[in-house]
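Trainee: Kindly generate the corresponding structure for this input.
(2 chains)
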Amino acid sequence: MEFVSPEGLRLDGRRPMEMRQIRAEIGAVAKADGSAVFEMGNTKVIAAVYGPREVQNRTQQINDQALVRCEYSMANFSTGDRMRKPKGDRRSTEISLVIRQTMEACILTHLMPRSQIDIFVQVLQADGGTRSACINAATLALADAGIPMRDLVTSCSSGYLNSTPLLDLNYVEDSAGGPDVTVGFLPKVDKVTLLQMDSKLPIDIFENVMQLAIEGCKAIANYIREIMLENTKQLEYRRGI
Amino acid sequence: MVGLSLGEKHFIQGGIAQDIRSDGRKRLTYRPINVETGVIPQANGSARIRMGATDVISTVKAELGKPISLQPDKGKVSIYVDCSPTAAPMFEGRGGEELSTELSVALQRSLLGGKSGAGAGIDLSSLVVVEGKICWDLYIDCLVVCSDGNLLDALGAAIKAALSNTGIPRVQVAAGASGDEQPEVDISDEEFLQFDTSDIPVIVTLTKVGRHYIVDATTEEESQMSSAISISVNRKGHICGLTKRGGAGLDPSIVLDMISVAKHVSEQLINKLDSEIAAAEAGDDES
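Mentor: Sure thing, here's the model as predicted:
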């Protein structure tokens, strides 16, 4: 199948290095301590953060840092074909773990000993790149909850199809069987915190593909900053400062 | 879980007794209802309803299936509710399953009528394509995104809105199939049929706190309830389903009184909901 046309356009009309339309909104879940919606094209996720609060299960309490927990769930209607999967299948367990580890790496857990932070991500629409969208939503939700972080971790994926590196794969491109590189990146300290790839790639091409994903992460980080700034201005305005 | 102090409990109970609740509403006033339709493009129809902090999404997906042999002239509709952990940490893992099932069953009872399919809010015979062979199966999936009480009413309203937003593709049946053969069908992707949703009932939950009952209770108010009755009423004022929750017993005369109040309240709710749905649909068409 042809994923990049001779004119250099992808199936959904994007250029190889073009990201899908991104949109973010802070404060989608009124009852949570922090929450956000993040959309990348047709992929749409909600993240809610509860905490820092008392540890629910005493045996899990850590005396010198906060306990970070994460649960990833997909709505029944999120995929094209309706499915009814039991909760906690292997795929969601793995993504929960990935998100937890990525977020844990950037939260200043040592400042909140003997407490617990819960991150819940809910996929409303899945069209490839849910992992990245979840991490971006979780970052915004954590920032909304006022949890101290080293940096705003952002994530983006990239792939390699028809000998072209492609940024931000959608579902069709993702299921094409080519390599899919997901990167989590701390833009300020310039460090990669998450890196996953399936399939195979020559090293020199991998370098390009990863660099492309990192550029995507940087672009998302800029956007997230804008959204947060806008949100802060709104808060300031409501307070009447 | 709601952690309330003794003073807060007294404040909520006292407010309800004096007909002015913590958020300034009267006992029989709803919170403002915000309706958004077409929020999930992959589904045949979808809607998001917000009442205060309560936030639910409902979607309708239609698939072609075979009618069950006992009712060859009726389609199938099933309702599933899922409580997302984003709504409350309590719903993490399997924690939301009990509430999800309770809500699914209550919704099915209120909106779909009995086992025979009689008394359903949707005309099930309109879902049949070829009698005894092909029908539409409607899967109604609801997701609780944020919970601040009165989930059942919100879910009922969301389903009504989602069904109003639903377009079922027109189906052409290939002629010539005979006997036991499964006829071939051609699904149109341009022509859509709309449902008649005017008969779908709304659900009104009356929550009894102290000697009085209130509509549209928040989580804090629900924690103080002794019992609650959810009554589904359609436009004609007929009672379509009834569920009682909560431990305390109710005097039969009070139950009848609550039903008549619910019937009265439902008239306003149906009108308000219909105008909100119409406004949301109009806005959806423009964009």
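
Trainee: B:Lys61: neighbour count?
Mentor: Applying other C-beta atoms under 10 Å in any protein chain shown, we find 21 other residues in the vicinity of B:Lys61. Using the backbone N, CA and C atoms, a C-beta is placed for each residue, glycine as well.

Trainee: Identify the residues contacting it.
Mentor: Counting by C-beta atoms under 8 Å, 6 or more residues apart in numbering or on different chains, B:Lys61 touches A:Phe77, A:Arg82, B:Ala43, B:Asn44, B:Leu138, B:Tyr139, B:Asp141.

Trainee: Let's have the residues you listed in CSV, adding secondary structure and pLDDT.
Mentor: Formatted as CSV, the contacts of B:Lys61 follow (DSSP: H, G, I helix; E, B strand; the rest coil; pLDDT from 0 to 100):
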residue, secondary structure, pLDDT
A:Phe77, coil, 90
A:Arg82, coil, 75
B:Ala43, coil, 90
B:Asn44, coil, 91
B:Leu138, strand, 91
B:Tyr139, strand, 92
B:Asp141, strand, 94
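
Trainee: what's the farthest-apart pair in the residues you listed?
Mentor: Largest separation among these by C-beta to C-beta: A:Phe77 and B:Leu138, giving 12.5 Å.

Trainee: Output the contacts of B:Lys61 as TSV; include the columns distance to A:Gln65.
Mentor: Converted to TSV, the contacts of B:Lys61 look like this (distance: C-beta to C-beta, whole Å):
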residue	distance to A:Gln65
A:Phe77	38
A:Arg82	41
B:Ala43	42
B:Asn44	48
B:Leu138	49
B:Tyr139	44
B:Asp141	39
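
Trainee: Return a ChimeraX selection command for the buried portion of these.
Mentor: Selecting only the buried entries of the contacts of B:Lys61 in ChimeraX, with 16 or more other C-beta atoms under 10 Å in any protein chain shown as the criterion:
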select /A:77,82 /B:43,44,138,139,141
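
Trainee: Strands of the chain, residue ranges please.
Mentor: I went with chain A, as the question did not name one. A:22-26, A:34-40, A:43-54, A:67-74, A:115-125, A:154-161, A:164-167, A:180-186, A:191-198 (DSSP state E).

Trainee: The chain in question should be chain B.
Mentor: B:33-37, B:45-51, B:54-65, B:76-83, B:128-130, B:134-146, B:167-173, B:185-194, B:202-209, B:212-215, B:227-233, B:239-245.

Trainee: Lowest average pLDDT across those?
Mentor: Here the strands of chain B differ in mean pLDDT, and the lowest is strand B:185-194 at a mean of 81.

Trainee: So is it next to chain A?
Mentor: No. Applying C-beta under 8 Å from any C-beta of the partner chain, one finds strand B:185-194 separated from chain A by no less than 14.2 Å.

Trainee: what pairs with that strand, and is each one parallel or antiparallel?
Mentor: Partner strands and pairing direction for strand B:185-194 (DSSP bridges) are strand B:167-173 (antiparallel).

Trainee: how deep is residue 15 tucked in, by neighbour count?
Mentor: Because you didn't say which chain, this covers chain A. Around A:Arg15 there are 14 residues (other C-beta under 10 Å).

Trainee: Actually, chain B is the one I wanted.
Mentor: 19.

Trainee: what do you get for B:Val130?
Mentor: For B:Val130, the number of neighbouring residues by other C-beta under 10 Å comes to 16.

Trainee: can you tell me if stretch A:5-22 touches chain B.
Mentor: No. Shown here: stretch A:5-22 not in contact with chain B (C-beta under 8 Å from any C-beta), separated by at least 13.6 Å.

Trainee: list the buried ones in that stretch?
Mentor: Using 16+ other C-beta under 10 Å as the test for burial, stretch A:5-22 gives A:Arg10, A:Arg14, A:Pro16, A:Met19, A:Arg20, A:Ile22.

Trainee: Isn't the second one up against A:Arg20?
Mentor: Yes. Judged on C-beta atoms under 8 Å, A:Arg14 makes contact with A:Arg20 at a distance of 7.1 Å.

Trainee: Give me every residue in chain B lying close to chain A.
Mentor: B:40-43, B:46, B:52-53, B:55, B:57, B:59, B:61, B:63, B:80, B:82, B:84-89, B:92-94, B:139, B:141, B:143, B:145-148.

Trainee: In PyMOL, how would I select just the buried ones from those?
Mentor: Entered in PyMOL, the line below selects the buried ones among these, by 16+ other C-beta under 10 Å:
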select buried, chain B and resi 40+42+43+46+52+53+55+57+59+61+80+82+84+85+86+87+88+89+92+139+141+143+145+146+147+148
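
Trainee: List just the nearest of the buried residues of stretch A:5-22 to chain B.
Mentor: Distances from chain B to the buried residues of stretch A:5-22, taken as C-beta to the nearest C-beta, are shortest for A:Arg20 (14.1 Å).
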